[in-house]
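Participant: need a 3D model of the following:
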Amino acid sequence: MQHIKSLLSISLATVLLLLSACGEKKHAATTDNSVPVPVTVAIPGGTVEGGISVSGKIEAQQTANISTRMMGTITRIYVKVGDKVHRGQLLATISSQDIQAKQAQTNAAIAEAQANVNNAQKDYDRFNNLYKKQSASAKELDNVTLQYNAAKARLEAATQMRNEVSAMLAYSSLTAPFDGVVTQRMADEGNMANPGMPLLTIEQNSQLEVSATVSENDINSIKKGDKAQVEVKAIGKTVECTISEISPSSQFTGGQYLVKLNIPEKEKKELYAGMYVNVFIPVTGKTATKGNTAATLVPLGSLVTKDQLTGIYTISSNNTALLRWIRTGKTFGDQVEVLSGLAQDEKFIVSAEGKLYNGVAVKENK
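Facilitator: Below is the predicted model of the structure:
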């Protein structure tokens with residue numbers, strides 16, 4: 001019995017020692033996690049140059065809808081969406097048996113008319129010689145001359161008819177008007193093609209530009225050659241472009257003036273026609289939207305993104321990191337404007353010498 005009590009005492013002591021060791025380790029771990037993370041902080045601020053902010057879209061400089069002027073069954077389409085094509089490349093063919101039949105008829109009519117001209121010319125030459133020898137009357141020569149001219153007119157009419165048929169026959173083979181890429185295919189083989197109905201759309205994707213509209217209040221503040229910041233949110237990229245064209249009329253655009261901007265060749269990578277952009281045109285003038293204004297600017301590198309949310313770490317009253325969700329605006333170089341979620345005099349964390357998360361203790365670097 002005494003032996004059993006001794007064994008129980010030893011076991012209890014062992015358990016207590018193990019619990020004590022675990023407690024010490026846990027305490028040590030807690031102490032390690034409570035070491036403040038050194039951080040660099042800043043206060044947002046700065047000024048941005050005033051200007052005109054408008055929305056726009058990236059477009060191909062040249063776009064063509066490929067259609068035909070004849071009615072017929074589409075026999076073959078040689079391209080699909082995404083295919084690159086070259087100027088003069090065959091894109092589609094349309095059934096043209098009826099046009100070919102008319103072409104054969106006009107060729108026969110030309111042959112007949114040419115034979116009549118040859119015969120009338122012989123009569124004209126013969127009667128002209130007889131008239132010079134006073135062996136034919138002027139009336140006879142006039143009649144032969146009239147027949148000769150009529151034969152030549154019928155030959156010319158038949159020739160022009162053949163030209164018309166040849167022109168119609170050319171529309172049975174649709175070719176690319178320029179180098180580009182097929183962006184739409186609106187018909188399939190076996191469909192009926194109608195005059196003017198687009199079958200394919202081709203865009204010159206190597207020549208992209210930005211198209212935007214400017215209100216009548218701001219149109220006098222810009223000119224060709226002005227620089228503009230174009231933000232492509234789809235890929236998170238800002239490109240400096242140049243105004244290349246300003247429409248002088250807003251008759252068909254509802255009081256908005258169309259403005260085109262050239263995209264530098266080196267910046268066209270990853271850009272596609274149809275992408276929406278935000279355009280900021282810095283200007284100086286009397287308009288109220290001009291002039292330097294205060295803004296809440298923070299470095300792009302300090303932002304935190306999660307799903308479709310954007311946040312930034314601030315410092316709480318307990319000196320811990322606090323993730324604040326914000327709404328951003330325009331991008332200016334390596335800085336972005338904060339529209340809401342962060343006050344102009346509120347500290348935020350620019351960088352940290354460790355991992356940041358909500359509630360972790362932080363210490364400002366001096």
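
Participant: CA only for contacts and neighbour counts going forward, please
Facilitator: OK.

Participant: so who does Thr201 touch?
Facilitator: Residues counted as contacts of Thr201 (Cα atoms under 8 Å, 6 or more residues apart in numbering) are 63-66, 182-185.

Participant: what is the nearest of those residues to Lys102?
Facilitator: Ile66 (24.7 Å; Cα to Cα).

Participant: the closest one is in contact with Leu199, isn't it?
Facilitator: Yes. Counting by Cα atoms under 8 Å, Ile66 touches Leu199, with 5.7 Å between them.

Participant: ok, of the contacts of Thr201, which come out buried?
Facilitator: With burial judged by 16 or more other Cα atoms under 10 Å, the buried subset of the contacts of Thr201 is 63-64, 66, 182-185.

Participant: what stretches of the protein score poorly on pLDDT?
Facilitator: 1-34, 46-50, 284-295, 333 (pLDDT under 70).

Participant: need the helices for it, in chain order.
Facilitator: 2-33, 97-132, 138-170 (DSSP state H).

Participant: quick one: distance of the last one to the chain centre.
Facilitator: So that's helix 138-170. 53 Å (Cα atoms, centre = their mean, to the nearest Å).

Participant: helices or strands next to it in the packing?
Facilitator: Secondary-structure packing of helix 138-170 (3 or more Cα pairs under 8 Å, 6 or more residues apart in numbering; DSSP states H and E): helix 97-132.

Participant: and the helix it packs on, how far out from the chain middle?
Facilitator: 57 Å.

Participant: how about Pro172, nearest residue that isn't a chain neighbour?
Facilitator: Not Pro; residue 172 is Ser. With Cα to Cα, 6 or more residues apart in numbering as the criterion, Ser172 has its nearest non-adjacent residue at 4.7 Å, and that residue is Ile94.

Participant: could you list the domains of this structure?
Facilitator: 37-48+294-364, 52-61+207-291, 67-95+172-203, 96-169 (automatic domain parsing).

Participant: ends of the shortest one, what's the gap?
Facilitator: It refers to domain 67-95+172-203. The first and final residues of domain 67-95+172-203 sit 15 Å from each other (Cα to Cα, to the nearest Å).

Participant: mind listing the residues bridging to the residue nearest to Ser172?
Facilitator: When bridges are called by DSSP bridges, Ile94 pairs up with Ile74.

Participant: ok, now Pro282?
Facilitator: Gly51.
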